[in-house]
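*Asks:* Got a predicted structure here, sequence first:
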Amino acid sequence: MILITGGAGYIGSHTILNLIEKTDYKIIIFDNLENGHIETVNALLEINSERQRRADARIIFEKGDLRNIEDIENVFNKYSIDGVIHFAAFALVEESVQNPSKYYRNNIYGTLNLLDTMIKHNVKRIVFSSTCATYGDIVGQTPIDEKHPQNPINPYGYSKLAVERIMDDYDKAYGLKSIRLRYFNVAGADEKGRIGEWHEPETHLIPNILKSNDNKVFTIFGDDYDTRDGTCIRDYVNVLDLAEAHRLAYQYLLKENKTDVFNIGTGEGYSVKEVFETCERVLNKKIPVEIKGRRAGDPAVLYADIGKVKNVLNWKSKKSLEDSIKSGYLYMSKNKK
């Protein structure tokens with residue numbers, strides 16, 4: 001039985017979809033529904049109904065908050081858990097700067113409650129949803145490999161790096177083995193439109209481009225960077241590919257029982273203008289746009305070196321940027337938010 005914290009959210013729900021389609025794991029979704037959605041949970045339960053008829057491959061939803069240790073204790077007391085994939089976290093960079101206490105209490109303290117409960121119940125395998133934000137300002141080479149210095153520049157990045165360091169200490173002291181996946185920009189949705197990207201507020205580039213219309217102009221911040229077209233370059237990994245990386249990481253952890261870290265991206269960078277033009281092509285329409293000055297702290301180029309994850313987990317991204325835009329638009333069209 002596998003516990004998925006934050007399983008009602010964007011990446012967690014797509015990872016559960018992957019597990020439904022490719023495994024017979026019994027799955028517990030643990031989420032406080034502060035950012036996740038009960039509609040997403042219900043969609044996963046419906047998708048799982050056919051699998052459950054084939055095998056005793058249940059999905060169970062337990063509402064709870066990691067900041068309340070009794071909530072997570074109750075889950076471990078109630079079920080026999082073999083391992084954890086941990087997504088539950090706040091993840092808005094700007095909000096983390098404005099309200100760091102919220103991020104440290106949830107992302108660090110909540111994770112400590114989870115890890116301590118795991119150790120108490122002798123559960124010592126966890127896949128952790130980390131981020132390229134732990135690298136901070138990128139100095140020197142791109143693409144970025146796992147050995148790049150980690151110097152976060154915001155509380156969100158600090159909180160994720162702190163958890164990585166805590167997991168190192170828990171490995172040495174208690175034998176807790178972890179895989180940390182540092183992902184870059186995530187995009188796309190289930191290709192049938194059953195679940196997808198649903199954030200309030202929405203801060204990701206592609207959904208905001210797709211939502212632009214005559215009454216809502218899309219803004220490009222900075223067109224004077226030292227890049228091929230003057231706009232920032234980023235690495236956009238499809239959420240279904242990312243979900244597959246989580247499954248492979250968990251199975252690697254079960255087999256090898258050792259701590260490791262992997263960057264998850266495509267290994268390629270697309271500029272904001274290139275993403276914008278691809279959205280226009282997929283939608284077959286012009287999207288209103290305006291150019292404003294740079295935002296503070298935006299590096300010009302940011303994309304992943306994925307050599308390690310290819311070699312160790314035999315993973316690589318398969319979906320294109322256009323695939324991500326098409327599936328994201330399908331979900332938005334079927335599920336007007």
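*Replies:* Structure's in. What do you need? These numbers were taken from a predicted model, which means no experiment stands behind them.

*Asks:* which residues does the residue lying closest to Gly110 once chain neighbours are set aside contact?
*Replies:* What sits nearest to Gly110 in space, not counting adjacent residues and going by CB to CB, 6 or more residues apart in numbering, is Leu66, at 3.3 Å. The way it works is simple: take the backbone N, C-alpha and C, and place the C-beta from them, glycine included. Going by CB atoms under 8 Å, 6 or more residues apart in numbering, Leu66 touches 5, 30, 32, 72, 88, 106, 110-111, 113-114.

*Asks:* Counting only strands, which of these make the cut?
*Replies:* In this view, these that belong to strands under DSSP state E are 5, 30.

*Asks:* can you redo the contacts of Leu66 as CSV with distance to Ser324, pLDDT and neighbour count?
*Replies:* Conversion of the contacts of Leu66 to CSV gives the following (distance: CB to CB, whole Å; pLDDT from 0 to 100; neighbours: other CB atoms under 10 Å):
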residue, distance to Ser324, pLDDT, neighbour count
Thr5, 25, 98, 27
Phe30, 27, 98, 27
Asn32, 28, 97, 19
Ile72, 33, 98, 24
Ala88, 24, 97, 28
Asn106, 28, 96, 19
Gly110, 30, 98, 26
Thr111, 29, 98, 23
Asn113, 34, 98, 18
Leu114, 30, 98, 24
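
*Asks:* Filter the contacts of Leu66 down to just the ones in helices.
*Replies:* Mapping those onto helices (DSSP state H) picks out 72, 110-111, 113-114.

*Asks:* could you dump the helix or strand that Arg165 is a member of to CSV, C-alpha only?
*Replies:* In this assignment (DSSP states H and E), Arg165 forms part of helix 155-174. Listed next in CSV are the C-alpha coordinates belonging to helix 155-174 (Å, rounded to 0.1, in the frame of the first residue of the first chain):
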residue,chain,number,x,y,z
PRO,A,155,11.4,30.8,1.0
TYR,A,156,9.7,28.2,-1.3
GLY,A,157,13.1,27.1,-2.6
TYR,A,158,14.6,27.2,1.0
SER,A,159,11.8,25.0,2.3
LYS,A,160,12.4,22.3,-0.3
LEU,A,161,16.1,22.4,0.2
ALA,A,162,15.6,22.1,4.0
VAL,A,163,13.6,19.0,3.5
GLU,A,164,16.3,17.5,1.3
ARG,A,165,18.8,18.2,4.0
ILE,A,166,16.5,16.7,6.7
MET,A,167,16.1,13.6,4.6
ASP,A,168,19.9,13.2,4.4
ASP,A,169,20.1,13.4,8.2
TYR,A,170,17.2,10.9,8.6
ASP,A,171,19.0,8.5,6.3
LYS,A,172,22.1,8.6,8.4
ALA,A,173,20.3,8.4,11.7
TYR,A,174,17.3,6.2,11.0
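
*Asks:* got the contact list for whatever helix or strand comes next after that helix?
*Replies:* For helix 155-174, the following helix or strand on the C-terminal side (DSSP H and E) is strand 177-183. The contact list for strand 177-183 (CB under 8 Å, 6+ apart) reads 124-132, 134-135, 146, 164, 167, 170-171, 237, 242, 245-246, 249-250, 252-253, 257-265.

*Asks:* Note down every partner strand of the next helix or strand after strand 177-183 and its orientation.
*Replies:* Counting by DSSP H and E, the element after strand 177-183 in chain order, helix or strand, is strand 185-187. Using DSSP bridges, the strands paired with strand 185-187 are strand 236-238 (parallel).

*Asks:* In the ones in helices among the contacts of Leu66, find the pair that's most separated.
*Replies:* Across these, the longest distance by CB to CB is 10.4 Å; it joins Ile72 and Thr111.

*Asks:* what's the weakest-modelled helix or strand in the chain?
*Replies:* Scoring the helices and strands of the chain by mean pLDDT, DSSP states H and E places helix 205-210 at the bottom, with a mean of 76.

*Asks:* What is the next helix or strand after that helix packed up against?
*Replies:* Using DSSP H and E, the helix or strand that follows helix 205-210 towards the C-terminus is strand 218-221. Using 3 or more CB pairs under 8 Å, 6 or more residues apart in numbering; DSSP states H and E as the contact test, the elements touching strand 218-221 are helix 272-283, strand 289-292.
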